[in-house]
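# got a predicted structure plus its sequence, pasted below:
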Amino acid sequence: MLVHACGILRNGHALVFTGPSDAGKSTIARLCGERHGEVINDEMLLMSRPSPGGNSITIQSAPIIGDLLPGRNTAAPLRCILLLKQSNKTALHYLDKVAAHLRFMRQIISPVCIGQKDKRSVYSMIADFSAEVTGAIPVYELEFNLDEKSLWQITGELEGVQGREEWN
């Protein structure tokens, strides 16, 4: 499925930052720079379904140009999803599966050419995909401001790699 999101490659895994328009996806990509990871795409990503019996979800750049060029043409396993909320502080909040499912579902792009004429079938497919993804991968709400240091510090803590200066 196509997801309205920014993907950052760090330590061999993708972090997905998502939210409605103007939530800060391109801002996150700009704050990433080359020091904190590699931008996969700052506008849209292709996301696979979880593998049967596992949580292996793959993220790759979509052929849609975002604000930043060039995006990285790569695929990587998904570590987690961060739903963006602009704030005057930086904080991370784990979301339960119901909240994660409902909020993530809004960021999935409705497939327009799938042969379905019934909107209910399309919405059901989106809801099923959201439930599968959020059931397999942790989802957090990320409150953030423009403080690059605190953003990547809290993200590093989430990844369990606190204190690293380089993210190669």
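Done, it's in. Residues are numbered from 1 along each chain as shown.

# low-confidence ranges in the chain?
Along the chain, the parts satisfying pLDDT under 70 run over 53-55, 65-72, 112-117, 161-168.

# for it, what spans make up the strands?
2-10, 13-18, 38-41, 44-47, 58-61, 75-86, 91-94, 139-144 (DSSP state E).

# how about those strands in TSV, adding mean neighbour count?
C-beta coordinates here come from the backbone N, C-alpha and C atoms, glycine included. Formatted as TSV, the strands of the chain follow (neighbours: other CB atoms under 10 Å):
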stretch	mean neighbour count
strand 2-10	25
strand 13-18	24
strand 38-41	24
strand 44-47	24
strand 58-61	21
strand 75-86	20
strand 91-94	13
strand 139-144	21
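
# just put these in JSON lines and tack on distance to Glu157.
Shown next, in JSON lines, are the strands of the chain (distance: least, CB to CB, whole Å):
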{"stretch": "strand 2-10", "distance to Glu157": "13"}
{"stretch": "strand 13-18", "distance to Glu157": "13"}
{"stretch": "strand 38-41", "distance to Glu157": "20"}
{"stretch": "strand 44-47", "distance to Glu157": "24"}
{"stretch": "strand 58-61", "distance to Glu157": "21"}
{"stretch": "strand 75-86", "distance to Glu157": "12"}
{"stretch": "strand 91-94", "distance to Glu157": "8"}
{"stretch": "strand 139-144", "distance to Glu157": "11"}
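
# so which of these is nearest Met125?
Closest approach to Met125 among the strands of the chain (CB to CB): strand 2-10, 12.5 Å.

# show me what the closest one is packed against.
strand 13-18, helix 25-32, strand 38-41, strand 44-47, strand 75-86 (3 or more CB pairs under 8 Å, 6 or more residues apart in numbering; DSSP states H and E).

# residues contacting the nearest residue to Ala75 once chain neighbours are set aside?
Spatial nearest neighbour of Ala75, excluding adjacent residues (CB to CB, 6 or more residues apart in numbering): Gln60 at 3.9 Å. The neighbours of Gln60, taking CB atoms under 8 Å, 6 or more residues apart in numbering as the test, are Ile40, Leu45, Leu46, Asn73, Thr74, Ala75, Ala76.

# sorry, back to before: minimum distance to Arg103: which of the strands of the chain has it?
Per CB to CB, nearest to Arg103 of the strands of the chain: strand 75-86, 5.3 Å.

# now that closest one, how far from the centre of its chain.
Here the centre of strand 75-86 is set off from its chain's centre by 3 Å, with CA atoms, centre = their mean, to the nearest Å.

# coming back round to it: so which of the contacts of Gln60 comes closest to Lys149?
Among the contacts of Gln60, Ile40 lies closest to Lys149 (CB to CB), at 22.3 Å.
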